[in-house]
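Asker: kindly return the folded structure for what I paste below:
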Amino acid sequence: MDLISGIGVSSLGHRHPRVVEAIHEQVDRHLHVMVYGELVQAPQVRLAELLCAHLPASLNRVYLVNSGAEAIEGALKLAKRCTGKTELISCVNAYHGSTHGALSIMGSEYFKQAYRPLLPDTRLMEYNNLDHLARITSRTAAVVVETVQGESGYIPPAPGYLLALRQRCNETGTLLVLDEIQCGYGRTGSLWAFEQEQVVPDVLCLAKAMGGGMPIGAFIASETLMEKLQDHPYLGHITTFGGHPVSSAAALATLQVITEERLWEGVPEKARQFARNLRHPRIRSISGRGLMIGVEFGSFAENKAIIDACISKGLLTDWFLFNAHTMRLAPPLTITPGEIDWACEVILSTL
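Answerer: Predicted structure coming up:
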């Protein structure tokens with residue numbers, strides 16, 4: 001059992017029949033046609049249309065890319081282009097990808113130090129620290145924040161934090177970029193995690209669960225913002241394979257299944273079932289939101305031994321880049337109560 005969904009990718013499980021059917025149908029039509037944007041292609045358009053139908057009205061332009069890191073790269077360029085400013089602020093222990101720009105705003109020096117110099121004019125603030133919002137000024141082009149921090153151990157926003165962040169960005173003319181690459185697509189108990197915070201980002205970044213197992217990502221903004229990429233320079237952002245027809249067809253089927261079956265509605269009770277079951281003296285705490293669950297142990301060595309033993313019993317789990325003593329649980333949204341009981345029994349028997 002894959003209890004981490006391939007790090008948040010396989011939210012419908014592996015090889016969901018509707019996703020596989022969509023892939024087969026599209027393969028029989030056409031594969032790559034031409035560089036994205038030159039020809040109108042139905043899979044891209046239908047996917048963008050369905051995404052916008054389930055997003056706030058201001059998030060009405062979808063730029064399809066190949067991965068979460070590429071979505072972040074596009075968002076950074078968009079912020080600089082639209083604001084005319086260069087400063088980028090992100091959070092300590094944030095993970096937004098490993099390409100050059102995304103790495104520049106990663107919140108861990110360990111992963112950055114071997115590749116410096118990186119992008120200039122970047123700053124860090126602490127997630128959930130209201131005092132650090134003062135670091136956002138009129139010089140700041142964008143603040144990039146995971147709605148729920150991923151590699152920190154699934155840390156949700158404190159009550160009112162994202163509202164205060166939204167207000168500070170409004171005051172300073174800063175774009176708010178929310179990274180829902182891990183926490184989007186129903187994983188937290190709503191289709192988009194920001195819906196629970198009563199905020200709307202200027203730019204939304206998606207990937208991972210988006211393709212149902214196929215590689216695809218997107219950054220989404222308003223028409224007013226996105227049109228800035230059309231000139232000065234012409235083709236201000238471009239991708240050869242972004243919105244590949246097969247990936248777009250798979251992504252469309254994935255979003256159709258999630259929205260038609262409203263899979264996010266079952267997430268809170270499934271999360272509570274995990275919390276009820278996972279009680280043991282060696283479990284120090286459980287963090288997260290919805291089916292983003294962090295199970296804290298005393299050390300990385302202890303956690304790794306437990307993870308290895310679970311794998312030997314047929315259960316895939318993992319740890320976090322910036323919180324190695326905590327076990328990552330992020331099962332498919334389609335997991336059943338009986339499967340949850342079995343997974344928890346494996347973990348508890350291992351303990």
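
Asker: drop to CA atoms for contacts and neighbour counts, all remaining ones
Answerer: Will do.

Asker: where does residue 178 sit: helix, strand or coil?
Answerer: strand (DSSP: H, G, I helix; E, B strand; the rest coil).

Asker: which ones are touching it?
Answerer: Going by C-alpha atoms under 8 Å, 6 or more residues apart in numbering, residue 178 touches 144-147, 201-205.

Asker: counting by contacts, list what the helix or strand of the chain with the lowest mean pLDDT packs against.
Answerer: Ranked by mean pLDDT, DSSP states H and E, the helix or strand of the chain with the weakest confidence is helix 109-112, at a mean of 94. Applying 3 or more C-alpha pairs under 8 Å, 6 or more residues apart in numbering; DSSP states H and E, one finds that helix 109-112 contacts helix 100-104.

Asker: average pLDDT for the helix it packs on?
Answerer: Averaging pLDDT along helix 100-104 yields 98.

Asker: export it as CSV, just CAs?
Answerer: Extracted C-alpha coordinates of helix 100-104, given in CSV (Å, rounded to 0.1, in the frame of the first residue of the first chain):
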residue,chain,number,x,y,z
HIS,A,100,17.5,27.4,-10.0
GLY,A,101,14.8,30.0,-9.2
ALA,A,102,12.8,27.6,-7.0
LEU,A,103,16.0,26.6,-5.2
SER,A,104,16.7,30.3,-4.6
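
Asker: ranking the contacts of residue 178 by neighbours, who comes first?
Answerer: residue 205 (31 neighbours; other C-alpha atoms under 10 Å).

Asker: just to revisit the earlier point, buried residues in the least confident helix or strand of the chain, which are they?
Answerer: residue 112 (16 or more other C-alpha atoms under 10 Å).

Asker: how near is residue 2 to residue 266?
Answerer: Computed with C-alpha to C-alpha, to the nearest Å, the distance linking residue 2 and residue 266 is 19 Å.

Asker: around residue 338, count how many other residues there are.
Answerer: 9.

Asker: with the one 3 residues further on instead?
Answerer: Residues near residue 341, counting by other C-alpha under 10 Å, number 14.

Asker: quick check, it in a helix?
Answerer: Yes: counting by three-state DSSP, residue 341 falls inside a helix.

Asker: show me the domain layout of the chain.
Answerer: In the domain annotation for the chain, the residue ranges read 15-261, 263-350 (automatic domain parsing).

Asker: most tightly surrounded among those domains?
Answerer: domain 15-261 (a mean of 20; mean count of other C-alpha atoms under 10 Å).

Asker: end to end, how far does that one reach?
Answerer: Counting by C-alpha to C-alpha, you get 17 Å between the two ends of domain 15-261.

Asker: now stretch 117-134
Answerer: 26 Å.

Asker: centre of the chain to it, how far?
Answerer: 20 Å (C-alpha atoms, centre = their mean, to the nearest Å).
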